[in-house]
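# A structural model of the following input is requested.
(one chain, ligands or ions: 2)
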Amino acid sequence: MIVLAGTIGAGKSSLAKALGKHLGTDVYYEAVDNNPVLDLYYQDPRKYAFLLQIYFLNKRFESIKMAYDQENNVLDRSIFEDELFLTLNYKNGNVTKTELEIYQNLLSNMLEEIEGMPKKRPDLLVYIDVSFETMLSRITQRGRSFEQVEKQPELKAYYQQVHEEYPIWYKNYNVSPKMRIDGDLFDFVNNEEDLEKVLAQVDKELVKLQLK
Ligand SMILES: Nc1ncnc2c1ncn2[C@@H]1O[C@H](COP(=O)(O)OP(=O)(O)OP(=O)(O)O)[C@@H](O)[C@H]1O
Ligand SMILES: Nc1nc(=O)c2ncn([C@H]3C[C@H](O)[C@@H](CO)O3)c2[nH]1
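Numbering: from 1, shown residues only. Ligands and ions are numbered 1, 2, ... in the order given. From the prediction side, this is the model:
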């Protein structure tokens, strides 16, 4: 199991798709399309932050259970990143202390369930690192309406916070082997050569871990 990690718009879904094709495995995407809470959250984070956290956590757990039934697969964003968003929402006053504690308790219960599963943790976490400028331009380019800074200028400060938290989160992540991909340097979406280079980096790591 390979999991993709990284800030909003880093390229997780894009690389997950390419890795799935390259390795011939299924890909479990993050629940964004048909998510009934995400656009509400962007309109009113104070009202919807807790509900969105619960929604994502539940979906993430669902994907993990399905993914664990198969030998090989790729997951778009890890369950371990959810707390980063939760903590930020707490810092920003969007979730209360009680909500924070209830969520953390639920998360640790869910992680205990995962510990009981045959495959306890990912084989490899692939972290896509991008600059703040790249993050913003990718969000603009992708064009999900509720994420646009042009419409809601205050989102820029939130994106800055998310971007600042990610390197700290990655540094502290120690659940599985991990590797970093430079998402500024490699255009693995439009440039075939870059994609080959990135896939080769992942393959090299898989060989090192005796997974390929
Ligand atoms: N390395 C790259 N080079 C050029 N464009 C990229 C790269 N990675 C992603 N993109 C583009 O950036 C946008 C965001 O990519 P993607 O949806 O894969 O990000 P994500 O990390 O899954 O985002 P989110 O966390 O919001 O779901 C898309 O338009 C995609 O085509
Ligand atoms: N608040 C919050 N908590 C989460 O756990 C979480 N996971 C993803 N997202 C947002 C980021 C992108 O807009 C979009 C796609 O990644 O969904 C989240 N937002």
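# OK, now which residue of the protein is nearest to ligand 2?
Closest residue of the chain to ligand 2, Cβ to the nearest ligand atom: residue 85 (3.2 Å). C-betas here are computed from N, CA, C, even on glycine.
# I'd assumed residue 50 was in contact with that residue.
No - using Cβ atoms under 8 Å as the test, residue 85 is too far from residue 50 to be in contact (11.3 Å).
# Quick check: pLDDT value at residue 15.
pLDDT for residue 15: 98.
# returning to that earlier point: secondary structure element for the residue of the chain closest to ligand 2?
Residue 85 is part of helix 82-91, with elements assigned from DSSP states H and E.
# mind checking how far that helix is from the chain centre?
Here helix 82-91 shows a centroid-to-chain-centroid distance of 13 Å under the convention Cα atoms, centre = their mean, to the nearest Å.
# So which elements touch it?
helix 45-67, helix 97-115, helix 155-172 (3 or more Cβ pairs under 8 Å, 6 or more residues apart in numbering; DSSP states H and E).
# orientation of it relative to helix 97-115 in degrees?
Interaxial angle of helix 82-91 relative to helix 97-115 (axes from the mean of the first three to the mean of the last three Cα atoms, to 10 degrees): 180 degrees.
# Residue 85 and residue 50 - which one has more neighbours?
Higher neighbour count among residue 85 and residue 50: residue 50, with 22 against 18, using other Cβ atoms under 10 Å.
# Contact partners for the residue of the chain found nearest ligand 1?
Taking Cβ to the nearest ligand atom as the measure, the chain has residue 11 as its residue closest to ligand 1, at 2.6 Å. Counting by Cβ atoms under 8 Å, 6 or more residues apart in numbering, residue 11 makes contact with 128, 130, 138, 183, 188, 189.
# ok, now residue 46?
By Cβ under 8 Å, 6+ apart, the contact set of residue 46 is 93, 94.
# do you know how far it is from residue 210?
According to Cβ to Cβ, to the nearest Å, residue 46 and residue 210 sit 48 Å apart.
# ok, which residues in this structure are in contact with ligand 1?
Counting by Cβ under 6 Å from any ligand atom, the chain comes close to ligand 1 at 6, 8-14, 30, 32, 138, 141-142, 183, 186-190.
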